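Q: missing the sequence, but the structure's below:
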């Protein structure tokens with residue numbers, strides 16, 4: 001990511017997309033990549049999004065009793 005991408009990133013959405021894809025949290029990666037550009041990512045928003053995405057991923061994989 002370049003500096004402009006790091007500054008304009010919607011960290012909740014990035015986290016959600018990573019979580020719903022079934023990936024592990026990539027907060028350290030984003031922290032490193034954006035840190036090289038002098039930008040601090042909003043890791044709280046990222047992890048909140050990732051957790052929501054992970055729950056959605058698990059719901060899709062495991063199924064839902066409501067469906």
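A: On my side now, so go ahead. These numbers were taken from a predicted model, which means no experiment stands behind them.
Q: Point out where this structure drops to low pLDDT.
A: Counting by pLDDT under 70, the chain shows low-confidence ranges at 64-67.
Q: In the protein, what residue spans correspond to helices?
A: 3-8, 11-20, 27-36, 43-62 (DSSP state H).
Q: Pick the most deeply packed of those.
A: helix 11-20 (a mean of 20; mean count of other C-beta atoms under 10 Å). Bear in mind the C-beta positions are built from the backbone N, C-alpha and C, glycine included.
Q: for the residue most central in space within the chain, what are its contacts?
A: Geometric centre of the chain, nearest residue: residue 15, 1.2 Å, by C-alpha atoms, centre = their mean. By C-beta atoms under 8 Å, 6 or more residues apart in numbering, the residues touching residue 15 are 25, 27, 45-53.
Q: rerun that using 6 Å as the cut-off
A: 46, 49-50 (C-beta atoms under 6 Å, 6 or more residues apart in numbering).
Q: out of these, who's nearest residue 40?
A: Nearest to residue 40, judged by C-beta to C-beta, of the contacts of residue 15 is residue 46 at 11.3 Å.
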